[in-house]
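J.: Quick check, what structure comes out for this input:
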Amino acid sequence: MNLKRFRDRYREVALSVILALQATIMFVVSPLAGAGLITGGTIEGLRFAMAATAILVVSRNRLVGACVGATFAVSLACTIFLKSGVAGQATYLTNIVITIAFDLAVAWTVAHAAFGPGRITVHRIMGAIILYLYIGLIFASAYRLAAATLHETVSPGAGEDGE
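T.: A predicted model of the protein is given here:
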């Protein structure tokens with residue numbers, strides 16, 4: 001089976017996979033990582049799975065797929081640099097901006113799959129739920145960026161998990 005037929009066959013199902021990954025990151029893994037019960041690497045692994053699903057299955061636009069991959073890679077590099085302890089405020093701010101770009105790229109990909117031509121299915125409704133969650137994540141990151149730039153007391157190590 002070639003990649004185009006694979007994408008066409010599993011595109012809508014991939015929306016459900018992305019929703020499951022996003023809900024797991026937001027409501028299970030991030031709180032556990034914040035409490036120190038699991039490592040932030042778990043979040044990055046799930047974000048990688050989400051990025052791979054968005055690029056390989058959902059995205060039909062190569063430029064948007066490249067944006068998803070590039071923003072994920074830069075975000076991962078910033079996160080690793082922040083965890084090393086030598087990164088400063090600029091790296092922290094860059095990580096927030098790149099995370100916003102990643103969230104926007106995945107949201108764009110999902111929006112085209114969920115609201116594109118075709119019949120309405122459960123998977124497309126789940127795609128709309130993904131968009132709702134991403135709007136919240138994007139605004140949360142924007143508020144975190146504002147807090148980091150307006151208040152010098154925000155430490156560069158806070159929120160380095162990317163979510």
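J.: Leu93 in helix, strand or coil?
T.: helix (DSSP: H, G, I helix; E, B strand; the rest coil).
J.: Please report how far it lies from Ala147.
T.: 11 Å (Cβ to Cβ, to the nearest Å). Any C-beta I mention is one placed from the backbone N, CA and C, and that applies to glycine too.
J.: Comparing those two, which shows the higher neighbour count?
T.: With other Cβ atoms under 10 Å as the criterion, Leu93 and Ala147 differ in neighbour count, and Leu93 comes out ahead with 17 against 14.
J.: was I right about that one contacting Arg144?
T.: No - with contacts counted by Cβ atoms under 8 Å, Leu93 stays clear of Arg144, the gap being 9.8 Å.
J.: which element is the residue most central in space within the chain on?
T.: Centroid-nearest residue in the chain: Asp103, 4.6 Å away (criterion: Cα atoms, centre = their mean). Per DSSP states H and E: Asp103 is located in helix 89-114.
J.: what does Leu32 give?
T.: helix 30-34.
J.: Quick one: mean pLDDT over that helix.
T.: For helix 30-34, mean pLDDT rounds to 86.
J.: what comes up buried for it?
T.: Buried residues in helix 30-34, counted by 16 or more other Cβ atoms under 10 Å: Ser30, Ala33.
J.: who does it touch, helix- and strand-wise?
T.: Packed against helix 30-34 by the contact rule (3 or more Cβ pairs under 8 Å, 6 or more residues apart in numbering; DSSP states H and E) you find helix 41-53.
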